[in-house]
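Asks: sequence plus predicted model, see below.
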Amino acid sequence: MTPPTEDVRKMINAALQAPSQEIARAVLLQAGADPATLEKTISTSTGLVAYDLQAPSKSIYPAATPIRTRLPRVQGGVGTATNWRQVNSLIGSGFDAMGWVPEGQRAGQMSYSTTARAAAYATLGEEDAATFEAINAARQFEDVQTSMSIRLLQKTMLKEEMALLAGNATLALGTPPAPTLSAAGTGAGLPAATYSVIVVALSLEGVRNSSLLAGVATTRTIAGADGKSFVLNGGSSNRSPNATQAVTLGQTLSASVAPVTGVVGYAWFVGPAGSETLQAITSINSAVFAAPLATGQQPASAITTDCSTNANAFDGLLTTALKPGSNAYVTALATGVAGTGTTLSSSGQGSVTEIDDMLQTMWDDAQVSPTVLYVNSRQLRDISAKCLNSASGPLLNYFQAPDGGMQLTTGGVIEFYYNPFLLDGGVKIPIKIHPNVPPGVILGWCEDLPAQYQNSEVPNVAEVKCRQDYYAIDWPITTRQRQKGVYCEEVLAVYAPFAMGVISNIAAG
């Protein structure tokens, strides 16, 4: 069929705009249309429609990095590590608490407690690529190379946020002790048998990398864009020795293990001895099993060594606080009833006993207070429930809006936590949800040392020391792709780890 001429196209357009079907039919017939086809109706099913594509693409992923945003970034790092000398205390002569000196005589000479500190730089980065076909096909839709650069930077920042919170270079989880088992109760569906239980401890990185479906993260080999490969550890401990327990039909199997320092999650492997498989991941140091075991799960034999640390990492805030010798406030709530654990408790004075204990101890030991509390959404609800009750009602403060009005809102939560343990009166500590803080953990962080630490030469309790801040690399073209990488070289330097507090092993409720 000969393509329509310009005159024919004009006639067709005129037909489409004609005031009656008869005129349109006449015009179309004059243009050479088949009369049979004019009896049919054109519908959207023919596919002769426009495609309403909104440009550019919608980025509907979260990119929250609250700790990265709050931490100061200090430039100018060189070498392989940043180093500093720390004066821990001033030791007076004689009795340290007594400064009496006889008339005409001189006091003894004071001494110092000092420590050399260092934090090695680490590199973080991410890569992406776009083919020339993808770049060309996206014209008039979006600039693929620009959007790729933005998303690369965002993903690098998200990984950096996790590193600043929970990077782990030095706190090895080792091998947990064998769990303690018991069986009791009636009405459960767990078949009668002798069960063996093994537990694996998880750091925060391990909790984020593991799931019942994918299994406990051990190691992963990363294929670099340069053709080289490297291995990352997933954040899990070695598997514990097993323990066994006979269970009769109707009984529930209960398991618990002594809390492990640095752990925020536990993976439980259950089954016949030698055939244990992953059945639960908990935020507390216990679990119960009442239903028949799931099949097809990761076997405990897949866990063969401690995979909790990475040599190319640096320690994040949480890891720094949890490390032995940090002098940070660290406590794990009691095991309690297996599978239930121990919850936060109300003080009866509009506060939470465990948080009050942390604030008081941080004052008694180091005269510091957190300036922010980072929690999971579950802990925010729990804290609010413990503080907002009938006993604490008379102690709550209500603030009137600046315009003189007052708004009443249901579903209230605690926005600030009052700390009375300070030299010049109390302070309100904001409670903030962090997307990466797991259930069962509260992190208190003092961003600035109080006034009594005069001349401390510590403007920042913790800071990101950058050897090279974010930089992008447009790699040479070796194939028909635009390849790009975004990197940064930095370390988290924590000058006052005692100014942090961690409460863990918190059960829900």
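Replies: Thanks, I have the structure now.
Asks: got the domain ranges for the protein?
Replies: Annotated domains of the chain cover 6-39, 66-85+111-142+315-397+411-504, 180-302 [automatic domain parsing].
Asks: what does the average pLDDT come to for the first one?
Replies: Summarised as a single mean, pLDDT over domain 6-39 is 59.
Asks: likewise the last one?
Replies: Averaged across domain 180-302, the pLDDT comes to 96.
Asks: pick the most deeply packed of the domains of the chain.
Replies: domain 180-302 (a mean of 19; mean count of other CB atoms under 10 Å). C-beta: built from backbone N, CA, C; applies to glycine.
Asks: surely residue 208 is within a strand?
Replies: No - checked against DSSP: H, G, I helix; E, B strand; the rest coil, residue 208 lies outside a strand; its state is helix.
Asks: does it touch residue 235 like I think?
Replies: Yes - applying CB atoms under 8 Å, one finds residue 208 in contact with residue 235, separated by 7.5 Å.
Asks: can you tell me the centre-most residue of this protein?
Replies: Nearest residue to the geometric centre of the chain (CA atoms, centre = their mean): residue 436, 1.8 Å.
Asks: could you give the backbone dihedrals for that residue?
Replies: The phi and psi values for residue 436, taken as degrees, to the nearest 10, are phi -110, psi -10.
Asks: hang on, it packs against residue 209?
Replies: No - taking contacts as CB under 8 Å, residue 436 lies outside contact range of residue 209: 12.0 Å.
Asks: residue 469 is in what secondary structure piece?
Replies: With elements delineated by DSSP states H and E, residue 469 resides in strand 462-474, which encompasses its position.
Asks: direction included, what does that strand pair up with?
Replies: The partner list of strand 462-474 in its sheet, established with DSSP bridges, is strand 73-74 (parallel), strand 481-494 (antiparallel).
Asks: for residue 48, which of the ones you listed is the nearest?
Replies: strand 481-494 (35.8 Å; CB to CB).
Asks: kindly export that closest one (C-alpha atoms) in PDB.
Replies: What follows is strand 481-494 as a C-alpha-only set of coordinates in PDB (Å, rounded to 0.1, in the frame of the first residue of the first chain):
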ATOM      1  CA  GLN A 481      29.600   1.600  29.000                       C
ATOM      2  CA  ARG A 482      30.100   4.600  31.200                       C
ATOM      3  CA  GLN A 483      31.500   3.300  34.500                       C
ATOM      4  CA  LYS A 484      31.600   5.400  37.600                       C
ATOM      5  CA  GLY A 485      32.600   4.900  41.200                       C
ATOM      6  CA  VAL A 486      32.100   7.100  44.400                       C
ATOM      7  CA  TYR A 487      34.500   6.700  47.300                       C
ATOM      8  CA  CYS A 488      35.600   8.300  50.500                       C
ATOM      9  CA  GLU A 489      38.600   7.600  52.800                       C
ATOM     10  CA  GLU A 490      37.900   8.200  56.400                       C
ATOM     11  CA  VAL A 491      37.800   7.000  60.000                       C
ATOM     12  CA  LEU A 492      35.500   7.600  62.900                       C
ATOM     13  CA  ALA A 493      37.700   9.000  65.700                       C
ATOM     14  CA  VAL A 494      36.000   8.800  69.100                       C
END
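Asks: mind listing the strands for the stretch 301-450 of the chain?
Replies: All strands of the stretch 301-450 of the chain, identified by DSSP state E, counting those that start in this stretch, fall at 329-332, 372-375, 416-419, 427-433, 442-445.
Asks: which residues of the stretch 1-150 of the chain fall in strands?
Replies: Taking DSSP E, counting those that start in this stretch, the strands of the stretch 1-150 of the chain run over residues 73-74, 81-91, 111-120, 122-131.
Asks: which of those strands has the lowest average pLDDT?
Replies: Per-segment confidence across those bottoms out at strand 81-91, which has a mean of 86 in mean pLDDT.
Asks: relative to strand 462-474, how tilted is that strand?
Replies: Following axes from the mean of the first three to the mean of the last three CA atoms, to 10 degrees, one obtains 180 degrees for the angle between strand 81-91 and strand 462-474.
Asks: what's the closest non-adjacent residue to residue 360?
Replies: Residue nearest to residue 360 in three dimensions, not counting chain neighbours: residue 421, with 5.4 Å by CB to CB, 6 or more residues apart in numbering.
Asks: distance-wise, check that neighbour relative to residue 156.
Replies: The spacing between residue 421 and residue 156, counted by CB to CB, to the nearest Å, is 39 Å.
Asks: what's the answer for residue 494, then?
Replies: Look at residue 494 and residue 156: by CB to CB, they are 22 Å apart.
Asks: residue 236 now?
Replies: Using CB to CB, residue 236 is found at 25 Å from residue 156.
Asks: and what of residue 42?
Replies: Distance from residue 42 to residue 156, counting by CB to CB: 51 Å.
Asks: with neighbour numbers in mind, choose between the two.
Replies: Looking at residue 42 and residue 156 with other CB atoms under 10 Å, you find the greater number of neighbours at residue 156, namely 20 against 8.
Asks: picking that back up, quick one: the residue nearest to residue 360 and residue 366 touch, right?
Replies: No - proximity of residue 421 to residue 366 does not meet the contact threshold set by CB under 8 Å, at 11.2 Å.
Asks: let me see the mean pLDDT of the helix of greatest length in the chain.
Replies: If you go by DSSP state H, the chain has its longest helix at helix 144-166. With pLDDT averaged residue by residue, helix 144-166 scores 95.
Asks: quick check: next helix or strand after it?
Replies: Moving toward the C-terminus from helix 144-166, the next element (DSSP H and E) is strand 180-184.
Asks: that following strand: partners in the sheet, and parallel or antiparallel?
Replies: Here the strand partners of strand 180-184, with direction, are listed using DSSP bridges: strand 252-256 (antiparallel).
Asks: what's the strand it pairs with in contact with?
Replies: The list of residues contacting strand 252-256 from outside it, by CB atoms under 8 Å, 6 or more residues apart in numbering, reads 179-185, 188, 190, 195, 197, 199, 243, 245, 247, 268, 270, 285-290, 335, 338-339.
Asks: residues in contact with residue 112?
Replies: Contacts here follow CB under 8 Å, 6+ apart; on that basis residue 112 touches 87-91.
Asks: are any of those residues buried, and if so which?
Replies: When neighbours are counted using 16 or more other CB atoms under 10 Å, the contacts of residue 112 contain no buried positions.
Asks: got those residues as a markdown table, with distance to residue 165 columns?
Replies: Below are the contacts of residue 112 laid out as a markdown table (distance: CB to CB, whole Å):
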| residue | distance to residue 165 |
| --- | --- |
| 87 | 28 |
| 88 | 26 |
| 89 | 29 |
| 90 | 33 |
| 91 | 35 |
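Asks: between the residues you listed, which is nearest residue 322?
Replies: Distances from the contacts of residue 112 to residue 322 were compared by CB to CB; the smallest belongs to residue 88, at 19.8 Å.
Asks: got a list of what the closest one touches?
Replies: Shown here is residue 88, whose contacts under the criterion CB under 8 Å, 6+ apart are 112-115.
Asks: do the same with residue 242
Replies: By CB under 8 Å, 6+ apart, the residues touching residue 242 are 178, 196-198, 273, 276, 300.
Asks: among these, which one sits closest to residue 105?
Replies: Each of the contacts of residue 242 was checked against residue 105 using CB to CB; the closest is residue 178, at 63.0 Å.
Asks: excluding its backbone neighbours, what's nearest that closest one?
Replies: When the adjacent residues along the chain are set aside, residue 178 lies closest to residue 241, with 4.1 Å between them (CB to CB, 6+ apart).
Asks: swap in residue 152?
Replies: Counting by CB to CB, 6+ apart, the nearest residue to residue 152 once its immediate chain neighbours are dropped is residue 486, at 4.3 Å.
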